[in-house]
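Student: Structure for the following, please:
(one chain, ligands or ions: 1)
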Amino acid sequence: MKMDLREKRAIVTGAGSGIGRRIAITLNALGVDLVICGRREEFLEATKEMCHGDAQVIPVVTDLTKEEEIEELVSTAVFELGGIDFLINNAGLAQSDPFDEIETEVWDRIMATNVRAPFLLCKNALPYLKNSGVGTIVNICSVVAHKGYPYQAAYAASKHALYGFSKVIANELYKENVRVHVICPGGVYTEMVKETRPDLDASGLMVPEDIADLVVYFLEHRNTNGVVDEISIHRPGKEPFA
Ligand SMILES: NC(=O)c1ccc[n+]([C@@H]2O[C@H](COP(=O)([O-])OP(=O)(O)OC[C@H]3O[C@@H](n4cnc5c(N)ncnc54)[C@H](OP(=O)(O)O)[C@@H]3O)[C@@H](O)[C@H]2O)c1
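Tutor: Residues are numbered from 1 along each chain as shown. Here you go, the predicted model:
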């Protein structure tokens, strides 16, 4: 039996664009109260404008590379929404360069955004997720969590790390009734893909709705006896089971 998501409370990171924006719009339409974050306030406000449901949408400008801003984000969610049921770690940063041309600062920023931030968010949100009764974490990984595509060394290393982190905490938390899921998408048509994979034909890519629908699947099936840990999803032109 699917869970009714109305009046549930979620944090969605990176909700000012792409996949995160679509996750926010979709969850809002299902009645989930949201705290959404990103660094660009005008992009968050635009997402809020696109949310036409009655549920709350609270933008919180946050740089997820800064621990104190993550703590503030979680505190704001708890204060404004009264708790946290779902944490959607979607924000991410990609790169496309031969590994020996990656600046150390870029490597560090990608790791801080894609791995350290989800770690700190999970840690800070955990007491509230445990208290929720339906506490759920969804980490947006990538096909590169399993692959070694050239010129994506920092990005692939960060997503391998996020994937490993997710597996460990899933095992630490399931007996405490907090579920952890991973989504590993291939190419989705967003700003990130336009910048890092201009070689890909836009018409053959997935769209953010494809990923938002999977987030909804995890949340609506929160209380079923069958548990799906991970979903991999790829564009139609990509070789299946590759
Ligand atoms: N597009 C794909 O093909 C694809 C495939 C597999 C996985 N993914 C994953 O899907 C997720 C969403 O990516 P997307 O494709 O939707 O790209 P996107 O449009 O570039 O979205 C990334 C979001 O992350 C936010 N972000 C980046 N650094 C941040 C920071 N330091 N603090 C707070 N927010 C930050 C950005 O907002 P601000 O710039 O405003 O901060 C932006 O809204 C990422 O984790 C990505 O790795 C994407």
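
Student: Which elements pack onto the longest helix along the chain?
Tutor: Taking DSSP state H as the criterion, the chain has its longest helix at helix 153-173. Here helix 153-173 touches helix 104-111, helix 117-132, strand 136-140, strand 179-185, going by 3 or more C-beta pairs under 8 Å, 6 or more residues apart in numbering; DSSP states H and E. The way it works is simple: take the backbone N, C-alpha and C, and place the C-beta from them, glycine included.

Student: Repeat the analysis, applying 7 Å as the threshold.
Tutor: helix 104-111, helix 117-132, strand 179-185 (3 or more C-beta pairs under 7 Å, 6 or more residues apart in numbering; DSSP states H and E).

Student: Quick check: which of the ones you listed is buried the most?
Tutor: Stretch with highest mean neighbour count among the helices and strands packed on helix 153-173: strand 179-185 (a mean of 23; mean count of other C-beta atoms under 10 Å).

Student: Paired strands for that one, with orientation please.
Tutor: strand 136-140 (parallel), strand 230-233 (parallel) (DSSP bridges).

Student: Tell me the buried residues in the last one?
Tutor: Of the residues in strand 230-233, those buried under the neighbour-count criterion (16 or more other C-beta atoms under 10 Å) are 230-233.

Student: ok, and what's touching that strand?
Tutor: Contacts to strand 230-233, defined as C-beta atoms under 7 Å, 6 or more residues apart in numbering, come from residues 143, 181-186, 206, 210, 214.

Student: what do you get for the longest one?
Tutor: When contacts are defined by C-beta under 7 Å, 6+ apart, strand 136-140 is touched by residues 19, 85-90, 92, 118, 122, 129, 162, 166, 178-183, 215, 218-219, 222.

Student: Any part of the worst-scoring helix or strand of the chain on mean pLDDT near the ligand?
Tutor: Ranked by mean pLDDT, DSSP states H and E, the weakest helix or strand in the chain is helix 191-196, scoring a mean of 92. Yes. Using C-beta under 6 Å from any ligand atom, helix 191-196 reaches the ligand at 191-193.

Student: Among those residues, name the buried ones.
Tutor: Of these, these count as buried by 16+ other C-beta under 10 Å: 192-193.

Student: Of the residues of helix 191-196 next to the ligand, just say which sits nearest to the ligand.
Tutor: Of all those, residue 192 has the smallest distance to the ligand: 3.3 Å, by C-beta to the nearest ligand atom.

Student: you'd agree that closest one is up against residue 18?
Tutor: Yes. The criterion here is C-beta atoms under 7 Å, and residue 192 meets it with residue 18 at 6.3 Å.
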